[in-house]
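*Asks:* Fold the following for me, if possible:
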Amino acid sequence: MSRSTSERGDMRHYRHLSAEERDRIAEMHARHEGVSAIAAAIGRNKSTVSREIARNGRNGRYGAIAAQSRSDARRKACRPRKRLSDPALAAEVRRRIVDDRWSPEQIDGRFRLERGGRCVVSFSTIYRAVNAGELDPPQAAPEERVRGRLRRRGRRPRRGREETRGRIKVDHEVSERPREADARSRLGDWEDDTVVGPTPACLVTMTDRASRLLVGGRARAHSSAEVAKVEVRALAGRPLETVTPDRGKEFANHREVSRALGGVPFYFCQPHHPWQKPTVENTNGLIREFFPKGTDFSRVTDEEVQEVFEKINDRPRKVLGFRTANEVYREMLHSA
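*Replies:* A predicted model of the protein is given here:
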């Protein structure tokens, strides 16, 4: 084997000198023992010992503690700089999580989309920074930690509440819905739901299946009459093919809504089957990031509701290739 090949092999298996080895080097060097003897004593190559003394010794002397400190400082300086150590990037990531409620994966994906596929900071790096508290303000209180702004998944079942679903008359089952709606191949197939609080006021949420655009607003009461007003107001002038709500009593006026919107058909989910309208269910989870359970919607203004809806519509979505719902809706509307 040639010398160059041997050296390359040694470098592949190179181990940094330990503190104990540096102690032994210092001890033997102080006794003026030669490099060959020191190398044999610690089981290292002569060039390793010679280089160590030249690098970390001073004025012909070699001290183990000082040598270890110099070595540690050099190794630290050679480590790749953490991407989130850039204050501007860290501030942008923190703003997206805290203010816009984007997930780390959405941030990563949007950055890639805007930069031609180049990774600016991976979502795993963001998660590690969040969990380590690196994006938190100095001396942050528990409620100020960025980690608390990440979306929590899973819902606890509600107990002690009487089920009132399935008690309204329906004209169409979701199983009768056109294939185009199931395929999400066009605009105008809306899923319909409500988000409730401790008072009669609620949110009416409608999501387009193809673009994931969220529309709707605040209803003064969780009643069929008030919900119908919001539905008609939000959907008027938009592409309309189908509407898919559940069987809650708040949707009992669906025939009146259909007539007001030019005869758009309503296709109802089966009782206890919320997964038959997954798009709006997922969107409601996003809304809860801004309006947690227990929010009194009678104390929330219509402007605040629409501001939240726009934040969600301007959020990059993985399912849309990290484009936003607004972008996809406009693209599909113009290409129709």
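*Asks:* List the contacts of L320.
*Replies:* S211, R212, E327, V328 (CB atoms under 8 Å, 6 or more residues apart in numbering). Placement of C-beta: from N, CA and C, glycine included.
*Asks:* typed the wrong thing, it's A221
*Replies:* Neighbouring residues of A221 by CB under 8 Å, 6+ apart: P200, A201, C202.
*Asks:* Pull out the buried members of the residues you listed.
*Replies:* A201, C202 (16 or more other CB atoms under 10 Å).
*Asks:* ok, so of the contacts of A221, who is nearest S18?
*Replies:* C202 (66.1 Å; CB to CB).
*Asks:* Can you tell me how far the closest one is from H16?
*Replies:* 63 Å (CB to CB, to the nearest Å).
*Asks:* do the same with E226
*Replies:* On the measure of CB to CB, E226 and H16 end up 71 Å apart.
*Asks:* Just the ones of the contacts of L320 in helices?
*Replies:* With helices taken from DSSP state H, the overlap with the contacts of L320 comprises E327, V328.
*Asks:* now, which of the contacts of L320 sits nearest R94?
*Replies:* Among these, and counting by CB to CB, the member closest to R94 is E327, at 23.9 Å.
*Asks:* How about that closest one: what's its closest non-neighbour residue?
*Replies:* Among residues not flanking E327 along the chain, L320 sits closest, at 7.8 Å (CB to CB, 6 or more residues apart in numbering).
*Asks:* Please apply the same query to A30.
*Replies:* Y62 (7.7 Å).
*Asks:* Next, the contact list for the one you found, please.
*Replies:* I25, A26, H29, A30, I53, N56.
*Asks:* Likewise for I38?
*Replies:* Applying CB under 8 Å, 6+ apart, the residues near I38 are R24, I25, M28, H29, V49.
*Asks:* Please apply the same query to L203.
*Replies:* Counting by CB under 8 Å, 6+ apart, L203 has contacts T194, V195, V196, G216, G217, R218, A219, I287, F291, F297, V305.
*Asks:* any idea which of the residues you listed has the most stuff around it?
*Replies:* G216 (27 neighbours; other CB atoms under 10 Å).
*Asks:* what's the pLDDT at that one?
*Replies:* For G216, the model assigns a pLDDT of 98.
*Asks:* In this structure, where's the longest helix?
*Replies:* helix 64-78.
*Asks:* what's in contact with the helix or strand just after it?
*Replies:* Sequence order places helix 87-98 as the next helix or strand after helix 64-78, per DSSP states H and E. Helix 87-98 has contacts (CB under 8 Å, 6+ apart) with 83-84, 102-104, 106-107, 120-121, 126, 129-130, 134-135, 146, 149-150.
*Asks:* quick one: which of those sit in helices?
*Replies:* If you go by DSSP H, those have P104, Q106, I107, I126, A129, V130 in helices.
*Asks:* Next, count neighbours for the last one.
*Replies:* For V130, the neighbour count with other CB under 10 Å is 22.
*Asks:* swap in the third one?
*Replies:* Summarising burial for I107: neighbours were counted as other CB under 10 Å, giving 23.
*Asks:* quick one: it and E143, what's the gap?
*Replies:* 22 Å.
*Asks:* Equivalent analysis for the fourth one, please.
*Replies:* Distance, I126 to E143, by CB to CB: 20 Å.
*Asks:* repeat for the second one
*Replies:* When distances are taken as CB to CB, Q106 and E143 turn out to be 23 Å apart.
*Asks:* Give me the more crowded residue out of these two.
*Replies:* Set Q106 next to E143 and count neighbours by other CB under 10 Å: Q106 wins out with 20 against 6.
*Asks:* how about the nearest residue to that one, chain neighbours excluded?
*Replies:* P316 (4.9 Å).
*Asks:* repeat for C119
*Replies:* R112 (6.2 Å).
*Asks:* got the buried residues for the longest helix of the chain?
*Replies:* A64, A67, Q68, S71.
*Asks:* Then stretch 237-253?
*Replies:* For stretch 237-253, the neighbour count (16+ other CB under 10 Å) marks 238-248, 250-253 as buried.
*Asks:* Could you pull up the residues touching the spatially most central residue of the chain?
*Replies:* When CA atoms, centre = their mean is applied to the chain, the residue found nearest the centroid is S103 (1.5 Å). By CB under 8 Å, 6+ apart, the contact list for S103 reads I97, F123, L150, R151.
*Asks:* Quick check: R55 vs A40, distance?
*Replies:* For R55 relative to A40 (CB to CB), the value is 20 Å.
*Asks:* Name the helix or strand for E310, please.
*Replies:* helix 302-313.
*Asks:* what's the average pLDDT for that helix?
*Replies:* 97.
*Asks:* Report the next helix or strand after that helix in sequence order.
*Replies:* strand 316-317.
*Asks:* and for that next one, what are the contacting residues?
*Replies:* For strand 316-317, using CB under 8 Å, 6+ apart, the contacting residues are W102, Q106, I107, G109, R110, L113, R212, F322, R323, T324, A325.
*Asks:* Quick check on those: which are buried?
*Replies:* Applying 16+ other CB under 10 Å to those flags W102, Q106, I107, G109, R110, R212, F322, R323, T324, A325 as buried.
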